[in-house]
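Enquirer: What follows is a protein structure lacking sequence information:
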């Protein structure tokens, strides 16, 4: 079975259950203060399987399904038999790494909470960019944009919005997830850097 589909199903079912059970949502969401005070380190993972609402859930899981299927195949092509294991690590660490950074920043703020698979989605998207820098994406399903350009704009936007800090979106998790996904894939196979540069400088796309 596809790992991407399995992850989407687990996150979807868990989120839907949590929508109807506030105590479950309260138990699973990211809460750095509780992690520090009560040692609830499981939250560094479980926060990625619950979402704020159906729109948040649908967007995250649709993007993950769309790009995760491609990255999962590319991992298996590049890494062979260990590709599935590495891809599982990409998904899970895509939650954990941003949550650890969240913990370090917000562990003394009892009011701060976070949730959602956005870190993992960003990790998968930027792994996709590493493999396919000039692939066309369609912003809002209409506006064509190359993946490498979208990635640069995404980083700039995330940094800008994080500094403004005037909405309820965890832009730092998006940013750290994106950087993690790119670097993790590159560290697994450093020769991909040469591949990326060659693809990046090939303007016959």
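Expert: That came in fine, so what should we check first? Everything numeric here is computed off the predicted structure, so don't read it as measured data. Numbering: from 1, shown residues only.

Enquirer: Could you look up the next helix or strand downstream of the worst-scoring helix or strand of the chain on mean pLDDT?
Expert: Across the helices and strands of the chain, the lowest-confidence element by mean pLDDT, DSSP states H and E is strand 136-139, at a mean of 77. Elements were assigned by DSSP states H and E; along the chain past strand 136-139, the next helix or strand is strand 143-146.

Enquirer: So what sits opposite the residue lying closest to residue 47 once chain neighbours are set aside in the bridge?
Expert: Computed as Cβ to Cβ, 6 or more residues apart in numbering, the closest residue to residue 47 that is not its neighbour in sequence is residue 30, at 3.4 Å. Glycine gets a C-beta too; all of them are placed from N, C-alpha and C. Judged by DSSP bridges, the bridge partners of residue 30 are residue 114.

Enquirer: Helix or strand: which one has residue 111?
Expert: Residue 111 is part of no helix or strand when elements are defined by DSSP H and E.

Enquirer: related to what we said a few turns ago, now do the least confident helix or strand of the chain: everything it contacts.
Expert: When contacts are taken as Cβ atoms under 8 Å, 6 or more residues apart in numbering, the neighbours of strand 136-139 outside the stretch itself are 144, 145, 146, 147, 150.

Enquirer: Could you do stretch 42-51 as well?
Expert: Contacts to stretch 42-51, defined as Cβ under 8 Å, 6+ apart, come from residues 10-11, 14-15, 18, 24-25, 27-31, 34-35, 57, 60, 92, 94-96, 99-100, 103, 114-117, 119-120.
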